[in-house]
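[1] here are the coordinates; sequence isn't available:
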């Protein structure tokens, strides 16, 4: 009996740490961009574009992924936009939470938050659904080009 319970516990703990492999090449149906995903097990996910790549740990911790200055014609900085993201696998889905902080030189500050769930459909195409603070939802499809 102890052996059966031990095997059951091992099977449940192994499945709890499994995650969908999103690795492959995709075509974004919205803008026609080709990109690849390379995944390191359940540890991290890398998006590879012609312009370069970005790797995100899948540990649920929020990281600063981009910081940009908005400059007006006179060369003055109008605002700084910082983008933070966290990623984690939950079963067959990749969950990303995003926070965009805009700090204006005038002292004003704006924060936008949304979260996105991504999963593979039966054809192994990538479906992403973004959920915004105002309750709106945006769905996108990236067709799988190859494994």
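    The structure has been received and is ready for your questions. Because the structure is a prediction, the values reported are computed rather than measured.
[2] CA only for contacts and neighbour counts going forward, please
    Noted.
[3] quickly list what residue 57 is bridged to.
    Here residue 57 sits in beta bridges with residue 44, as judged by DSSP bridges.
[4] quick check: which ranges of the chain have low pLDDT?
    1-17, 147 (pLDDT under 70).
[5] and the helices in it?
    2-16 (DSSP state H).
[6] how about the contacts made by the nearest residue to residue 34 once chain neighbours are set aside?
    Once flanking residues are discounted, residue 34 sits nearest to residue 27: 4.5 Å by C-alpha to C-alpha, 6 or more residues apart in numbering. Counting by C-alpha atoms under 8 Å, 6 or more residues apart in numbering, residue 27 touches 33-35, 142-145.
[7] buried among these? Make that a ChimeraX selection.
    Here is the ChimeraX command that picks out the buried ones among the contacts of residue 27, judged by 16 or more other C-alpha atoms under 10 Å:
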select :34,35,142,143,144
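[8] need the contacts of residue 27 in a markdown table (columns: distance to residue 19).
    A markdown table is the format used below for these (distance: C-alpha to C-alpha, whole Å):
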| residue | distance to residue 19 |
| --- | --- |
| 33 | 26 |
| 34 | 24 |
| 35 | 21 |
| 142 | 19 |
| 143 | 20 |
| 144 | 18 |
| 145 | 21 |
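[9] alright, calling it a day.
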